[in-house]
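>>> okay, sequence plus prediction incoming.
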Amino acid sequence: MPISRLDKLLKSAPAGSLDKIIQHAQEMEGLTERLRQALGPELGRELVAANLRESGELVLICSSSAWAARLRFEADRLVELLCASGERVSGCRVKVSP
């Protein structure tokens, strides 16, 4: 596979596609930080990332299966928190980062 220069790849991307990726990453980081604060320092630092899918599913990614079990106990509270702030959340799934 040939190595391409980054600037060449960026110029060949459709207008706005990179902006959409950057915006989504920033939204995910903001959501992750809000949830970390709601979880508190001990559990919050184990939350690797959070995403809210278009379907309304909240996806939480954590560092281990033990922390995933703890996060599942907090899932309803986190869904309620996001719904109270105006987000459309239909459920929550917790995954472990490999």
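Thanks, I have it. Numbering: from 1, shown residues only.

>>> return the helix or strand in this protein with minimum mean pLDDT.
helix 6-12 (a mean of 62; mean pLDDT, DSSP states H and E).

>>> quick check: next helix or strand after that one?
helix 17-39 (DSSP states H and E).

>>> got the contact list for whichever helix or strand comes after that next one?
Counting by DSSP H and E, the element after helix 17-39 in chain order, helix or strand, is helix 41-44. The contact list for helix 41-44 (Cβ atoms under 8 Å, 6 or more residues apart in numbering) reads 35, 36, 37, 38, 67, 70, 71, 74. Any C-beta I mention is one placed from the backbone N, CA and C, and that applies to glycine too.

>>> report the buried residues of helix 41-44.
Neighbour-count burial for helix 41-44, counted by 16 or more other Cβ atoms under 10 Å, picks out residue 43.

>>> do the same with stretch 75-82
For stretch 75-82, by 16+ other Cβ under 10 Å, it's 78, 79, 81, 82.

>>> tell me if I am right that residue 88 is in a helix.
No: using DSSP: H, G, I helix; E, B strand; the rest coil, the secondary structure at residue 88 is coil, not a helix.

>>> any idea how far residue 17 is from the spatially most central residue of the chain?
In the chain, the C-alpha nearest the mean C-alpha coordinate belongs to residue 50, at 2.2 Å (Cα atoms, centre = their mean). Distance of residue 50 to residue 17, given as Cβ to Cβ, to the nearest Å: 23 Å.

>>> just residue 93 next, same as before
Between residue 93 and residue 17 the computed distance is 27 Å (Cβ to Cβ).

>>> between those two, which one's more packed in?
residue 93 (13 against 10; other Cβ atoms under 10 Å).

>>> so where's the protein uncertain?
1-16 (pLDDT under 70).
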